[in-house]
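Student: can't give you the sequence, but here's the structure:
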Ligand code: MCA
Ligand code: AMP
């Protein structure tokens with residue numbers, strides 16, 4: 001069968017030279033695009049042997065590795081739907097995703113296999129394991145062991161542009177996570193647009209320090225570099241010493257704002273160190289204008305800020321060749337329509353007026369997995385997706401994000417929905433009610449703060465609550481500070497006034513003193 005230009009895998013690798021390097025790994029190994037073909041082919045064969053049918057989900061909660069990336073590609077080649085999960089999720093959180101998405105196969109970290117055995121059996125999910133490859137002698141889980149003996153030759157299962165390639169869960173304002181269904185065309189079209197817009201070529205070396213269970217690290221970074229046939233320095237995560245060591249060998253980097261503020265806090269980060277970089281991209285959370293300016297003063301580079309969502313992939317980007325404006329997320333990408341609407345009436349607003357940002361284009365997802373009502377609530381009748389981000393388009397056409405209509409905290413690039421944490425706090429012994437807010441955090445941009453009201457006469461303490469929830473939700477979602485108060489501020493409608501709480505506790509992470 002000849003390559004299908006609409007198939008995500010074929011489309012990404014269309015113009016790639018298979019002899020060209022794909023990734024330099026931390027363990028000293030080099031991967032070429034030939035390895036990509038071989039190893040993803042082996043995984044595709046294994047998944048088919050495990051009974052994977054087109055459209056079946058393959059869930060994975062595994063450490064970052066090049067093989068984990070090959071599992072994504074192998075799933076797509078086998079006609080499956082890849083469902084990556086944040087490594088920080090507890091077994092309880094994972095249970096919801098497996099129950100909701102009913103994957104055929106769940107691949108977990110070998111170290112956590114005992115936590116999932118009973119669950120997988122109960123749900124009828126095939127449990128496999130994948131750790132980090134060390135050498136040919138040491139086992140790193142069932143997928144890697146079997147992968148060495150399965151055939152590397154695989155003919156991609158036919159898929160149409162609207163077939164699903166991935167489901168990524170995103171939390172909701174109700175506290176329930178929703179699976180965003182992403183098609184082959186959503187992912188492929190976005191990768192090609194970004195490659196062209198950001199001028200990626202096979203000469204590029206992308207410094208990859210992001211996790212690969214979210215859109216940013218999995219799709220924006222790796223799909224774009226593959227579409228260009230370039231290579232990556234593939235790091236297990238963002239550790240400042242290693243990033244500084246690797247920067248001189250790279251030409252481009254993508255990161256969340258925390259990456260850039262951490263680099264600026266390090267005196268080794270200089271103009272010389274970044275002399276042959278051509279591009280720094282930031283997204284997933286707002287980049288402060290002062291970070292943008294300080295970065296340019298220090299390095300001579302202007303960070304290129306772009307804006308996206310799990311549901312929409314990338315929507316806007318500052319220009320590559322023209323003015324990159326601090327505090328803006330640039331223009332809609334080619335093929336993407338963007339408008340700003342009145343949140344109440346849905347009427348389109350004129351330039352410079354603030355409203356909710358809505359987008360439409362080949363990048364926008366196919367809906368929430370098995371939630372047709374939720375899906376239709378978030379789309380206008382003419383097909384525009386309501387992002388929940390508040391913003392405006394200025395007179396020069398640059399898009400600004402000024403806030404969020406949705407109650408959402410973004411901490412170090414991870415989304416945290418207060419409702420989920422509030423429901424958990426409310427369940428704790430002695431707690432009557434709670435409110436969760438995000439306030440300025442010097443490292444993560446925003447940090448989670450919980451404010452709880454004890455039930456009549458009960459004694460509750462920060463330490464007791466934190467200890468009680470410590471194994472219930474991922475660590476990054478847990479409040480970094482809890483205040484116990486007599487009552488929550490409410491408006492005349494009875495709604496908790498989070499703006500007042502944010503004013504009161506806004507300095508929590510900035511100084512020891514809290515205004516009361
Ligand atoms: C780690 N911790 C955090 C976070 N990360 N707390 C709050 N927010 C975080 N983001 C906590 C841990 O629980 C731990 O707590 C302590 O910090 C140290 O953990 P460690 O893993 O060592 O931290 P780190 O390696 O320094 O990680 C920070 C990080 C990481 C590098 C900023 O969070 C990261 O890689 N973020 C990128 C997220 C991302 O890729 N987002 C893209 C989403 P304790 O010590 O108490 O146990 S995609 C998206 O948003 C859209 C589509 C878009 O536009 O891109
Ligand atoms: P997620 O649900 O993880 O896909 O996060 C998407 C959200 O991240 C968006 O709805 C925005 O609120 C936020 N976001 C992404 N990029 C930016 C950016 N450049 N500036 C401000 N917010 C951003």
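Tutor: Now that the structure is in, tell me what you want to look at. Remember, it's a predicted structure, so these values are computed and weren't measured experimentally. Numbers count the residues shown, from 1 in each chain. Ligands and ions are numbered 1, 2, ... in the order given.

Student: residue 453 contacts residue 433, correct?
Tutor: Yes: Residue 453 lies in contact with residue 433 (CB atoms under 8 Å); the separation is 5.1 Å. C-beta: built from backbone N, CA, C; applies to glycine.

Student: which residues do the two both contact?
Tutor: By the contact definition CB atoms under 8 Å, 6 or more residues apart in numbering, residue 453 and residue 433 are jointly contacted by residue 488.

Student: quick one: the residue in the chain that ligand 2 sits nearest to and ligand 1, what's the gap?
Tutor: Closest contact between the chain and ligand 2, by CB to the nearest ligand atom, is at residue 310 (3.4 Å). For residue 310, the distance to ligand 1 equals 5 Å [CB to the nearest ligand atom, to the nearest Å].

Student: residues touching that residue, list them.
Tutor: Going by CB under 8 Å, 6+ apart, the list of residues near residue 310 reads 168, 170, 180, 214, 215, 365.

Student: now with 6 Å, please.
Tutor: 168, 170, 180, 215 (CB atoms under 6 Å, 6 or more residues apart in numbering).

Student: quick one: the helices in the stretch 1-150 of the chain, in order.
Tutor: Assigned by DSSP state H, counting those that start in this stretch, the stretch 1-150 of the chain shows helices spanning 8-12, 33-49, 66-77, 91-101, 113-123, 142-147.

Student: now do stretch 282-291: everything it contacts.
Tutor: 216, 256-257, 260-261, 303, 305-306, 326-327, 410, 413, 445.

Student: how far does that stretch sit from the chain's center?
Tutor: Centroid separation for stretch 282-291 versus its chain: 16 Å, with CA atoms, centre = their mean, to the nearest Å.

Student: end-to-end on it?
Tutor: 11 Å (CA to CA, to the nearest Å).

Student: point out where the stretch 151-300 of the chain drops to low pLDDT.
Tutor: 173, 175 (pLDDT under 70).

Student: in contact with the residue of the stretch 401-516 of the chain found nearest ligand 1, which residues are there?
Tutor: Nearest residue of the stretch 401-516 of the chain to ligand 1 (CB to the nearest ligand atom) works out as residue 412 at 2.4 Å. Counting by CB under 6 Å, 6+ apart, residue 412 touches 258, 444.

Student: from residue 306, how far out is it?
Tutor: Going from residue 412 to residue 306 by CB to CB, to the nearest Å gives 18 Å.

Student: equivalent analysis for residue 472, please.
Tutor: Distance from residue 472 to residue 306, by CB to CB: 34 Å.

Student: so residue 44 touches residue 80, yeah?
Tutor: No: using CB atoms under 6 Å, residue 44 is not in contact with residue 80; the gap is 8.5 Å.

Student: picking that back up, pLDDT value on the residue of the stretch 401-516 of the chain closest to ligand 1, please?
Tutor: Looking at residue 412, its pLDDT is 97.

Student: what does this protein put close to ligand 1?
Tutor: 210-211, 214-217, 237-238, 256, 258, 283-284, 308-310, 411-414, 444, 475-476 (CB under 6 Å from any ligand atom).
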